[in-house]
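>>> no sequence on this one, just coordinates:
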């Protein structure tokens, strides 16, 4: 019995140990620190429609998501000072995002995500044990951002990459959504999920409500100052 307890404590992971392995799986702290901007382009299939998606980010300053289909277009713009949203089938001009909604969406400006250096960013994280996700054993992490937003991550116990999240804004949508991360590929020594599947809360486990497949990801592109403007 004593030997069993010793073995359990020896193999138990702390929250910081799990996140450290997650950072290494992504490519390492040094490489992540070099990423100051990013550009992603892909296709979002949702409810039978296909949206072309572009995401532009500048670390801690900007997150802009643009989308376009055959019959609609729009954008979600989040900066460190304010935010705007526009949908061509809605009001004729861009609408300013409320301060409460903006605080929850500003986490999208963090290119590496909230887990690396979570303490210095003002977040709180707790390791909740393990859970199975799509047949894979995962570490479950509950994170509360400095703005008070609660997000849950599931990290694969073998790869230490994020397999699933709940509550993390995706493409500007600040909603209660499960997101599954698939098809990781390496660019300049950093791993990115090229496929993001979404499932709204309350849906059947197998029912996917949206899927983004990225076909272009650029690291440290020059950011046009116009990307900060909603007009």
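Sure thing, it's come through. Everything quoted here is computed from the prediction, not taken from an experiment.

>>> chain center to the helix ranked longest in the chain: distance?
As assigned by DSSP state H, the longest helix anywhere in the chain is helix 15-26. Distance, stretch centre to chain centre, for helix 15-26: 16 Å (CA atoms, centre = their mean, to the nearest Å).

>>> let's have the chain start at 32 instead
Taking 32 as the first residue, the last one we looked at is helix 46-57.

>>> and the next helix or strand past it?
Once helix 46-57 ends, the next helix or strand along the chain (criterion: DSSP states H and E) is helix 60-64.

>>> give me every residue that touches the residue nearest to residue 60 when sequence neighbours are not counted.
Excluding its sequence neighbours, the residue lying closest to residue 60 (CB to CB, 6 or more residues apart in numbering) is residue 54, at 5.5 Å. The way it works is simple: take the backbone N, C-alpha and C, and place the C-beta from them, glycine included. With contact set as CB atoms under 8 Å, 6 or more residues apart in numbering, residue 54 has these partners: 60, 63, 146-147.

>>> need the per-residue pLDDT for residue 54.
According to the prediction, residue 54 has pLDDT 98.

>>> how about the strands in this protein?
68-77, 80-89, 93-99, 104-110, 114-118, 126-127, 155-164, 167-175, 181-187, 193-197, 208-218, 221-231, 241-250 (DSSP state E).

>>> and these as JSON lines, adding mean pLDDT and distance to residue 261?
Below are the strands of the chain laid out as JSON lines (pLDDT from 0 to 100; distance: least, CB to CB, whole Å):
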{"stretch": "strand 68-77", "mean pLDDT": "93", "distance to residue 261": "19"}
{"stretch": "strand 80-89", "mean pLDDT": "93", "distance to residue 261": "13"}
{"stretch": "strand 93-99", "mean pLDDT": "96", "distance to residue 261": "9"}
{"stretch": "strand 104-110", "mean pLDDT": "95", "distance to residue 261": "5"}
{"stretch": "strand 114-118", "mean pLDDT": "95", "distance to residue 261": "4"}
{"stretch": "strand 126-127", "mean pLDDT": "95", "distance to residue 261": "8"}
{"stretch": "strand 155-164", "mean pLDDT": "96", "distance to residue 261": "32"}
{"stretch": "strand 167-175", "mean pLDDT": "97", "distance to residue 261": "29"}
{"stretch": "strand 181-187", "mean pLDDT": "96", "distance to residue 261": "26"}
{"stretch": "strand 193-197", "mean pLDDT": "96", "distance to residue 261": "27"}
{"stretch": "strand 208-218", "mean pLDDT": "94", "distance to residue 261": "24"}
{"stretch": "strand 221-231", "mean pLDDT": "93", "distance to residue 261": "25"}
{"stretch": "strand 241-250", "mean pLDDT": "95", "distance to residue 261": "23"}
